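# Sequence below, structure please.
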Amino acid sequence: MPLVLPLIDFERAEDQAALDAALDKLESGFFDWLVISSITTLRVLMEKADARGTAVSDLVPPATRVATIGPSSKKVLEAAGLVVSLAPTDVQSAEGLLALWQPSGERVLLPQADIAAPALREGLRAKGALLTVVTAYNTVDYPARDERKLTAEAPSAVEPSDAWTPQELEPAAAKAAILDGGLDAIVAASPSAARRIAATLQPLGSCSLVAIGRPTAAEATRLGLPVAAVAKEPTPDGIATALESVFANEGNIQ
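Numbers count the residues shown, from 1 in each chain. The predicted model follows:
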């Protein structure tokens, strides 16, 4: 039975003035591209649009193209009303997006987390993008402070199911279950989640760690966590397939 284990959370960025100024320029048509590299960034944009009394799609003029990092995020952005012009289908990550990006001198807005890896912004600059980077949100240990917690909810990339109601597990209970052998596997859904797993749940013992993608797997490995499998696609189906491979053949890294 799957359980939900919240380890990280998200708060509004400290520098709201810089974010608002960037969004003013976005709305005015200043930027040629908006790059949304996480669904949490979409949540920030939705919250900002609501505060302005408009829809998130109205923040992005028709001439401003939107790029993201894969089909799942593309589906969510489109469900929120955005038109996505560029998204990788093979390598679903910053690396995949950069492989598609054509060198140019276009103006690009990149709202990111405070702890976002530098690869995407450095890669865009290397390809000649006139890049504006702004902190959209802060990644914090769960739970976020009530007064700063993001409240907007992005559309889901999967169809809702009545067959299962998520059960939330506290970190202390998860650690006890791992020690008792009651958890078979844990999924790290981001590099920051891998860091929290390393900080709060070790040793994992017989509990297998599955990473949602290569950046998360690399961070887990750097922290000394054994990675049992890596999802070939950062999607619910990709994670399920990786878990199936672990349960079918314990210890075989995919």
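# could you pull out the strands for the stretch 1-150 of the chain?
For the stretch 1-150 of the chain, the strands defined by DSSP state E, counting those that start in this stretch occupy 8-12, 33-35, 65-67, 84-86, 107-113, 130-141.
# How many residues are close by Gly213?
24 (other CB atoms under 10 Å). The C-beta positions use only the backbone N, C-alpha and C, and glycine is treated the same way.
# What of Pro103?
9.
# how close does it sit to Ala129?
According to CB to CB, to the nearest Å, Pro103 stands 8 Å off from Ala129.
# and if you look at Ser38?
18 Å.
# ok, now Glu14?
From Glu14 across to Ala129, the span is 25 Å (CB to CB).
# Pick out whichever of the two has more residues nearby.
Using other CB under 10 Å as the criterion, Glu14 and Ala129 rank with Ala129 on top: 22 against 13.
# how about that one, phi and psi?
phi -70, psi 140 (degrees, to the nearest 10).
# per-residue confidence for it?
Ala129 is assigned a predicted lDDT (pLDDT) of 98.
# Surely it is in contact with Gln102?
No - using CB atoms under 8 Å as the test, Ala129 is too far from Gln102 to be in contact (10.1 Å).
# how many neighbours does the nearest residue to Lys25 once chain neighbours are set aside have?
Spatial nearest neighbour of Lys25, chain neighbours left out: Phe31 (6.5 Å); criterion: CB to CB, 6 or more residues apart in numbering. Per other CB under 10 Å, the neighbour tally for Phe31 reads 24.
# Make 625 the first number, not 1, from now on.
Done: numbering now begins at 625, and the last item shifts to Phe655.
# and Phe655, how far is that from Tyr766?
Distance of Phe655 to Tyr766, given as CB to CB: 33 Å.
# Helices along the protein, start to end?
In the chain, the segments counted as helices under DSSP state H are 640-652, 663-675, 695-703, 718-724, 743-750, 795-803, 815-824, 838-846, 860-872.
# Could you list the buried residues of the first one?
Along helix 640-652, the positions that meet the burial threshold by neighbour count (16 or more other CB atoms under 10 Å) are 643, 646-647, 650-651.
# Report the angle between that helix and strand 632-636.
80 degrees (axes from the mean of the first three to the mean of the last three CA atoms, to 10 degrees).
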